[in-house]
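J.: Below: sequence and its predicted model.
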Amino acid sequence: MSQFKINSITDKSGTSGPVIAGVSTNNSTGCMIIPAGPTENRGGRGKSVTYGGVFSGTYKSDMNIMDIATTGSAVDFGNASKAATFSSGMASATRGVFKQGRSPSTTGIMEYVTFSSGGGVAEFGSDEGIQQDSSASSADGVRGIFGNGTGYDAVIRSINIASTGDSSTFGTLTSGRYMGGGAGGASPTRGFFFGGLISGQPAGEKIIETVTFASGGEATKFGELTVGRRAIAAVTNNTRAVSCSGDTPATNTMDFIVMATEGNATDFGDITNQAAGYGAGGSNATRGVITGCSPSNTNRIDYITFSTTGNATDFGDTTYGSYLNGACSDSHGGLGE
């Protein structure tokens, strides 16, 4: 029998073990336990969490969790520290961080969930920037970034997902916009921001921008959406990013980009709601799930299969009705799944 021996494995800082999909590390002996099953489900992974929202003028603190690889209704995952809407989500393979939006005034509260837990939140830090409402977000598993928020500001801010603490300045967008899309919009190296509304304009923008996680700085134009809009839910695997629905104008359009190649988006299909927008999404290597896309059908969960273009399909229902909710997942494209 052959032997395979490794003296040590560390992350790039050299101080701790790496995060490897489905692998548990033990620093005292250097052993690894590799479970069986599809990569996106190893170690209980392949989960998406929804966070808060609003329905009929009532702000929500509810959270749900769902298994992306299956279909069926989501289950309760506890509650946020306070009822909030216009929130953003960023995640690693083990932890999701939510930045609250309105409650009902703007709030800089950030808190996190542990995907493998039974639910509930813990304090993370504060967003001291002015983008405290409706920010678009991306993550590579180490760093979470967000921008396109209140005040039509162009600043992008960042957090270290594995630690706790306040946000800091990361870079700038090419222009200040409000309610762009980006939740889950990431490859392992780049974050993406989709659309958004420029102050004084009657309709959302088509622009797609990208930034490099490792360096930060100014965003650059990647291409354009097929339909200009704001309030976009974006989901990714490690190849494609799909922008789902939107508002101003309200649309059920979905379009996609290949993240390694700059260029304009291509039509993917339609979300199931006729008047859509204000949703949020999570994903694994094969599927994206989208929740909260319309005030008229707020319990519905849709899903898409990244490799096959076409209209979204009914996945199930959340336990609470809301739109303008936050969401994140433990196996999105930014993790290289």
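T.: Good, I have the coordinates.
J.: Tell me who's in contact with the closest residue to G89 other than its chain neighbours.
T.: Spatially, and ignoring its direct neighbours in sequence, G89 is nearest to C328 (3.1 Å; C-beta to C-beta, 6 or more residues apart in numbering). No exception for glycine: its C-beta is placed from N, CA and C like everyone else's. C328 makes contact with 48-49, 51, 89-91, 96-98, 139, 183-184, 282, according to C-beta atoms under 8 Å, 6 or more residues apart in numbering.
J.: 10 Å - rerun?
T.: 47-51, 88-92, 95-98, 112-113, 115, 137, 139, 144, 161, 183-184, 280-283 (C-beta atoms under 10 Å, 6 or more residues apart in numbering).
J.: Check A265 too.
T.: Counting by C-beta under 10 Å, 6+ apart, the residues that A265 touches are 194, 206, 208, 222-227, 241-243, 253-258.
J.: gap between it and G53?
T.: Separation of A265 from G53 (C-beta to C-beta, to the nearest Å): 26 Å.
J.: thinking again about what came up before, buried among the contacts of A265? Make that a ChimeraX selection.
T.: Selecting only the buried entries of those in ChimeraX, with 16 or more other C-beta atoms under 10 Å as the criterion:
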select :194,206,208,222,223,224,225,226,227,241,242,243,253,254,255,256,257
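J.: Strands - which of the contacts of A265 land there?
T.: Mapping the contacts of A265 onto strands (DSSP state E) picks out 194, 208, 222-224, 241-243, 253-258.
J.: want to try CSV for the residues you listed, with pLDDT and distance to A84 as columns?
T.: Listed next are those as CSV, based on pLDDT from 0 to 100; distance: C-beta to C-beta, whole Å:
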residue, pLDDT, distance to A84
F194, 91, 23
I208, 94, 28
F222, 96, 30
G223, 97, 32
E224, 97, 32
A241, 95, 26
V242, 96, 26
S243, 93, 24
T253, 92, 28
M254, 95, 27
D255, 96, 29
F256, 97, 30
I257, 96, 30
V258, 97, 34
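J.: from those residues, which is closest to R300?
T.: R300 lies nearest to M254 out of the ones in strands among the contacts of A265, by C-beta to C-beta, at 15.0 Å.
J.: Skipping adjacent residues, who's closest to that closest one in space?
T.: F268 (4.2 Å).
J.: Quick check: what element follows whichever strand or helix holds the one you found along the chain?
T.: Here F268 sits within strand 266-270, counting by DSSP states H and E. Of the helices and strands lying after strand 266-270 in sequence (DSSP H and E), the nearest is strand 280-283.
J.: That next one packs against which elements?
T.: Under the contact criterion of 3 or more C-beta pairs under 10 Å, 6 or more residues apart in numbering; DSSP states H and E, strand 280-283 touches strand 47-55, strand 88-91, strand 233-236, strand 240-246, strand 287-291, strand 300-305, strand 326-329.
J.: G72: which of those is closest?
T.: Among these, strand 300-305 sits nearest to G72 (C-beta to C-beta), with 9.1 Å.
J.: Point out where the stretch 1-150 of the chain drops to low pLDDT.
T.: 1-44, 128-134, 149-150 (pLDDT under 70).
J.: Which parts of it are strands?
T.: 24-26, 31-33, 47-55, 58-67, 75-79, 88-91, 95-99, 109-114, 122-126, 136-139, 143-147 (DSSP state E, counting those that start in this stretch).
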